[in-house]
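Chemist: coordinates for the following, if possible.
(one chain, ligands or ions: 1)
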Amino acid sequence: MKDFKELLKLDILLNRTLAGRQGSLVRREIDGAVVIVGDLHGEIESLEQIINRVSAINREVKGEDINWFFLGDYVDRGPDSLELLARLISFRLKKPDRVLFLRGNHEDWKMNLHYGFAWELHLHNMDSLSGLIIKWYESLPLIAVIPPVAMVHGGPPFPIPVSFKDISDISFKETRGMHVLWSDPDDEYYMNRGGGTRAFNDRECQDFLRLVECSFLVRGHQHVPLKGYKINFGTCITLFSAACGLGWPRSFIYAKDINDMKNLHKHIYTL
Ligand SMILES: [Mn+2]
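Modeler: Predicted structure coming up:
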């Protein structure tokens with residue numbers, strides 16, 4: 001494996017030059033199989049298990065090249081944030097066009113100081129890498145539009161944008177960006193996270209999907225007790241791919257063809 005610093009530098013360049021990238025948005029059409037992975041939170045084991053499971057399924061259905069989408073929250077909480085990031089970037093470097101990383105609310109140094117990653121770096125005598133890690137965070141897009149699926153870490157931007165240009169202009173530093181990284185759907189699981197975060201409803205989800213010409217919103221961010229995933233409003237799928245040391249069920253999406261995602265619930269797998 002390449003030196004971690006080298007990996008970060010290479011991946012920052014890749015993020016900046018992604019096909020279909022317009023500011024905070026990545027918008028493109030794709031062919032082949034699709035995998036979507038939710039929060040991993042420093043669990044290398046969860047990532048390895050998902051990769052192994054996907055290879056087995058893909059072989060079984062004679063799937064072709066796989067497009068991987070990761071919904072953010074790679075670091076904090078779990079024990080192996082450093083190893084996980086290095087593994088993710090090395091994985092990506094093998095097929096740069098087929099792997100996309102979105103930004104989560106934990107791709108934020110202030111969060112890292114409270115939830116573990118900053119301490120992990122300190123224990124490895126790697127405090128000096130924080131600047132480069134922050135640059136990597138800032139190089140990540142916030143929203144992916146891969147018809148018929150739109151992806152974010154938390155929820156739709158609010159107020160709902162009026163155009164693709166409007167979406168590409170969203171910054172993580174402003175309110176709309178904060179909602180993309182932090183929002184949860186309005187349901188019985190909703191707990192206010194404070195700091196101006198909010199719940200989004202069916203109508204807002206529909207309005208956003210209509211604007212981006214997609215049928216589904218796939219997001220992470222929220223642990224779903226006993227299941228590892230949930231579906232809201234018939235259009236919004238939550239995936240959580242970390243066990244958080246508690247053996248929680250973990251989920252991911254695999255589909256042989258992105259256009260075959262009309263019955264999206266059939267493509268959700270749990271570990
Ligand atoms: Mn999150």
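
Chemist: mind listing the helices for the stretch 101-250 of the chain?
Modeler: Along the stretch 101-250 of the chain, counting by DSSP state H, counting those that start in this stretch, helices occupy 109-115, 117-123, 130-139, 164-168, 175-182, 202-212.

Chemist: what's the average pLDDT for the shortest one?
Modeler: Per-residue confidence for helix 164-168 averages out to 97 on the pLDDT scale.

Chemist: secondary structure element for D11?
Modeler: helix 4-16 (DSSP states H and E).

Chemist: next, the buried residues of that helix.
Modeler: Using 16 or more other C-beta atoms under 10 Å as the test for burial, helix 4-16 gives 4, 7-8, 10-12, 14-15. No exception for glycine: its C-beta is placed from N, CA and C like everyone else's.

Chemist: got the residues of the stretch 51-200 of the chain near the ion?
Modeler: When proximity is defined as C-beta under 5 Å from the ion, the stretch 51-200 of the chain approaches the ion at 73, 104-105.

Chemist: out of the buried residues of helix 4-16, which comes closest to G78?
Modeler: Within the buried residues of helix 4-16, proximity to G78 (C-beta to C-beta) peaks at F4, which comes in at 17.1 Å.

Chemist: test my guess that that closest one contacts S81.
Modeler: No: the criterion here is C-beta atoms under 8 Å, and F4 misses it with S81 at 11.3 Å.

Chemist: now the common contact residues for the two.
Modeler: Both F4 and S81 lack any common contact, where contact means C-beta atoms under 8 Å, 6 or more residues apart in numbering.

Chemist: which ones are touching whichever residue of the stretch 101-250 of the chain sits closest to the ion?
Modeler: Per C-beta to the ion, H221 is where the stretch 101-250 of the chain lies closest to the ion, at 3.8 Å. H221 makes contact with 38-39, 71-73, 104-105, 153-155, 181-182, 184, 238, 240, according to C-beta under 8 Å, 6+ apart.

Chemist: and which of the residues you listed is nearest S171?
Modeler: Nearest to S171 among the contacts of H221, counting by C-beta to C-beta, is L181 at 11.1 Å.

Chemist: okay, now that closest one: neighbour count?
Modeler: For L181, the count of nearby residues is 24 (other C-beta atoms under 10 Å).

Chemist: nearest spatial neighbour of it, chain-adjacent residues omitted?
Modeler: Leaving aside its chain neighbours, L181 sits nearest to N105 (4.2 Å; criterion: C-beta to C-beta, 6 or more residues apart in numbering).

Chemist: and I237, by the same measure?
Modeler: In space, I237 is closest to V218, 4.9 Å off (C-beta to C-beta, 6+ apart).

Chemist: wait, isn't that neighbour in contact with L71?
Modeler: Yes: look at V218 against L71 with C-beta under 8 Å: they come within range, at 7.2 Å.

Chemist: report the central residue of the chain.
Modeler: L71 (0.5 Å; C-alpha atoms, centre = their mean).

Chemist: show me what contacts N232?
Modeler: N232 neighbours (C-beta under 8 Å, 6+ apart): 185, 187, 202, 205, 238.
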